[in-house]
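# output the structure for:
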Amino acid sequence: MTKKTKRSYINSIKHWRYLQLMLRRGAAEKTISLSVLTLDEFVYLRDEIRGHHEIINHRMSWFAATQSLLYGAYATAAASDNVPELFSNRLIPLVGTLLCILMVPSVESALERIRALRRVFKANRTIRHKIIYPINSVLWHWVALQYPRLAPWVFFLSWGFLLAHNQ
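Below you'll find the predicted structure:
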């Protein structure tokens, strides 16, 4: 590796670290201008947005799976005579409710990160970057993210109903 390529490699690493630091601090949309972002950095932002969408997808998949198992356990325990009433009427709904409460900040933090990344992306996007990552309308993006935002609350209300019904 020549001195010139080594220097440019070190500068690019410093630049990436600076960009990551700014994104972590949430100040990226205020400090990064169009002249700073390169095509590689736009690809990096796109991959970060995709990664956070995948995180939400995996969290919601596991959330739906655990809720279905808890509802199955609740129905089985409620129908059985051998299961203590404390377990069937209190413990299972409380675990389901706790999972719902823990899911809300988990999803909201990932959604906030996506919003911050999209603001940076939109503020620095040019014609050549629209080909790399076309941003759909804001309405469709909002509609698509309503399931991860509302599903924990729906399950929370249903567990609350079951808890109140068993009083």
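
# would you map the helices across the chain?
3-25, 28-31, 39-79, 85-86, 92-123, 127-132, 138-144, 146-165 (DSSP state H).

# how many other residues sit next to Pro93?
Summarising burial for Pro93: neighbours were counted as other C-beta atoms under 10 Å, giving 22. From N, CA and C alone the C-beta is placed, and that goes for glycine too.

# nope, Leu45 is what I was after
24.

# that one contacts Lys122, doesn't it?
No: counting by C-beta atoms under 8 Å, Leu45 does not reach Lys122; the two are 10.3 Å apart.

# shared neighbours of those two, anything?
Counting by C-beta atoms under 8 Å, 6 or more residues apart in numbering, Leu45 and Lys122 have no contacts in common.

# quick revisit: can I get the helices of the chain in TSV including mean pLDDT?
Listed next are the helices of the chain as TSV, based on pLDDT from 0 to 100:
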stretch	mean pLDDT
helix 3-25	54
helix 28-31	47
helix 39-79	89
helix 85-86	78
helix 92-123	88
helix 127-132	53
helix 138-144	74
helix 146-165	91
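
# how about Trp48: what's its closest non-neighbour residue?
That one is not Trp; residue 48 is Glu. Take Glu48 and drop its neighbours on the chain: the residue closest to it by C-beta to C-beta, 6 or more residues apart in numbering is Leu117, 5.5 Å away.

# contact partners for Glu54?
Glu54 neighbours (C-beta under 8 Å, 6+ apart): none.

# from Leu111, how far off is it?
For Glu54, the distance to Leu111 equals 13 Å [C-beta to C-beta, to the nearest Å].

# repeat for Val43
Taking C-beta to C-beta as the measure, Val43 and Leu111 are separated by 22 Å.

# between those two, tell me which one has more neighbours.
Leu111 (16 against 13).

# show me what contacts the more buried one?
Counting by C-beta under 8 Å, 6+ apart, Leu111 has contacts Ile56, Leu145, Pro148, Arg149.

# out of these, who's nearest Gln67?
Gln67 has its nearest neighbour among these in Pro148, at 13.3 Å by C-beta to C-beta.

# can you give me the buried ones in stretch 64-75?
Judged by neighbour count using 16 or more other C-beta atoms under 10 Å, the buried positions of stretch 64-75 are Gln67, Leu70, Tyr71, Ala73, Tyr74.
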